[in-house]
Every structure is written in structure tokens, then in C-alpha cells.
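[1] task: produce atomic coordinates for the following.
(one chain, ligands or ions: 1)
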Amino acid sequence: MSTLFIADLHLDEARPRITELFERFLISDEARSARAFYILGDLVEAWIGDDDDAELPTRIAHATRALHDAGVPVYFMAGNRDFLLGHAFAERAGMTLLDDGTVHDVEGTPTLLMHGDVLCTDDVEYQAVRAQVRTDAWKRQILSMPLEARRAFAAKARSDSKSRTGRIDETIMDVNQGAVESAMRDAGVHRLVHGHTHRPAVHDFALDGVAAQRIVLGDWYDHGSVLRIDGDVVELRGLTLP
Ligand code: MN
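    Numbers count the residues shown, from 1 in each chain. Alright, predicted model coming up:
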């Protein structure tokens, strides 16, 4: 049995083949026989509320619910694109919500699970925006808007984000090693799994003199990306588009 992790799918009506790949992966023997299935944020490009009546959320809920019903625990941690995803949708989708920074025993190893954006501490501008939009007051305000207004808001946030990503130094977008080490130290772990940076890799390093590992999940743009941990085996691999 193995434990599977995905993140940063950025599912979007504009990229139907990625949604199809996601659906196919969730009905694969590999997924159906997993011990647990983790989605570590940015499952969708934009989440405007659990009351969204578009087709995509329904397809997602159908896929994750079926995996859950097949006996596989499905965990979801919000990313910066889908932090408005709440209990109502999670329930519908058969997913258990996890707080960013949760520690789970993964195949016998205590593992810190994060989306990854809080580790990008060099991006001061981003962290300021994050602090603002993650407050309950801000979320309530957004969710009280009519669906159409939220759709327009999400479209604008997306184009703003695109122009910003093109403008700033790429290295700022990566994690800060000091932030990584202090998060792992605080959690008392030597393994961290996160996404967000779209830089899939397995980083081995020493944390206070002990072997430590940071595993970064890949995004789903040109292909899919999955992390499989099976006992001592750590495999990070791509998934070919249908
Ligand atoms: Mn992200």
C-alpha cells in the first residue's frame, strides 16, 4: 500500500485535459488501492465559494467522493487559490479538510504537510496580501457577494497574479530555507511535503545534524505530477496527458 500526494493542479475550464487527467488518475488502480490520498492545495485555479454552481466543482466532488467511497481517505489542504473551499464542499466531495502545517504519520514517518506559500518569506509583498485575505472578515465579505460578482473578482485576481508573477524575480517565489527549517523544527519532524512553488524535487539536507527531507510536488500544467510514498520508497513522477 502506498500514500499519494498531489497539488497545484490549477483545474480550470480552460484546460479540460487536465481535469480529465485528474479524473482518470482518481479512478486508477494506484489511487483506488492507496492507503491515503492527499491534495495539498491549489486544486483549482480559483475557488469562489462552495455555492458555485459551475460544472467543474461538481466534477471534482464526483471524482473525490468516488475515491472516498472506494475506501481511500481523501485529505484536502487549501492553497492560495482555493482557501475559500469550506466544509460544505468538503462534505459533498468526501474530503477531510486539513489545516496548513498539519503533521501526519505517513508510512511510518511523521511528516509535515503544507501548501508551501507560507514558506516563501522572502516575498514580503505576497505575505502581506496573504495575511489580509485569510482573515474571517475578508472571507465573509467575499462570500457575501453574489456569485457573478465573485466570478468577476476571481478573473481579475487571476490576471493581476499573472502580471505580477512575470514581473518579480523568480527566486523570490521559492521557499526560504530558514523558514523551512524553523517550520520543521517547530513541528518536530524531519520530513516535509509541500507544493506551491512548482519546482518538483526531493531535497535532502541536514536539520540540526539529522538527515531531513523536503519533497516538493509538481504542478499540473504540461502534465500531471504525483508523489508516491510506499514504506521507504519515495517516488515523484509525471503523469502523461490523455
Ligand atoms: Mn499555490
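[2] the helix or strand where residue 129 lies and the ion, any residue contact?
    Assessed by DSSP states H and E, residue 129 sits inside helix 124-133. No. Helix 124-133 lies apart from the ion when judged by Cβ under 5 Å from the ion; the minimum separation is 10.2 Å. For glycine as for every other residue, the C-beta is placed from the backbone atoms N, C-alpha and C.
[3] hey, where'd the strands end up in the protein?
    Under the criterion DSSP state E, the chain carries strands at the ranges 3-6, 36-39, 74-77, 95-98, 102-106, 109-113, 191-194, 201-207, 210-216, 224-230, 233-239.
[4] mind checking those strands for the one nearest to residue 174?
    Nearest to residue 174, of all the strands of the chain, is strand 210-216, at 9.3 Å by Cβ to Cβ.
[5] so what's the residue count around the residue nearest to residue 193 when sequence neighbours are not counted?
    Nearest residue to residue 193, sequence neighbours excluded (Cβ to Cβ, 6 or more residues apart in numbering): residue 215, at 4.8 Å. A count of neighbours around residue 215, defined by other Cβ atoms under 10 Å, yields 20.
[6] now do the contacts for residue 215.
    For residue 215, the residues meeting the contact criterion (Cβ atoms under 8 Å, 6 or more residues apart in numbering) are 5, 191-194, 201-203, 227, 234, 236.
[7] mind listing the residues bridging to it?
    With DSSP bridges applied, residue 215 shows beta-bridge pairing to residue 193, residue 202.
[8] do a quick rundown of the helices in the chain.
    Listed in chain order, the helices found in the chain under DSSP state H are 16-26, 29-32, 55-69, 87-93, 124-133, 136-143, 147-167, 177-187.
[9] a markdown table for those, including mean pLDDT?
    Putting these into a markdown table (pLDDT from 0 to 100) gives the following:
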| stretch | mean pLDDT |
| --- | --- |
| helix 16-26 | 97 |
| helix 29-32 | 98 |
| helix 55-69 | 98 |
| helix 87-93 | 98 |
| helix 124-133 | 92 |
| helix 136-143 | 93 |
| helix 147-167 | 78 |
| helix 177-187 | 98 |
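[10] for the ones you listed, give me a markdown table that also has mean neighbour count and distance to residue 47.
    A markdown table is the format used below for the helices of the chain (neighbours: other Cβ atoms under 10 Å; distance: least, Cβ to Cβ, whole Å):
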| stretch | mean neighbour count | distance to residue 47 |
| --- | --- | --- |
| helix 16-26 | 18 | 14 |
| helix 29-32 | 14 | 22 |
| helix 55-69 | 18 | 8 |
| helix 87-93 | 17 | 8 |
| helix 124-133 | 12 | 12 |
| helix 136-143 | 11 | 11 |
| helix 147-167 | 12 | 8 |
| helix 177-187 | 16 | 24 |
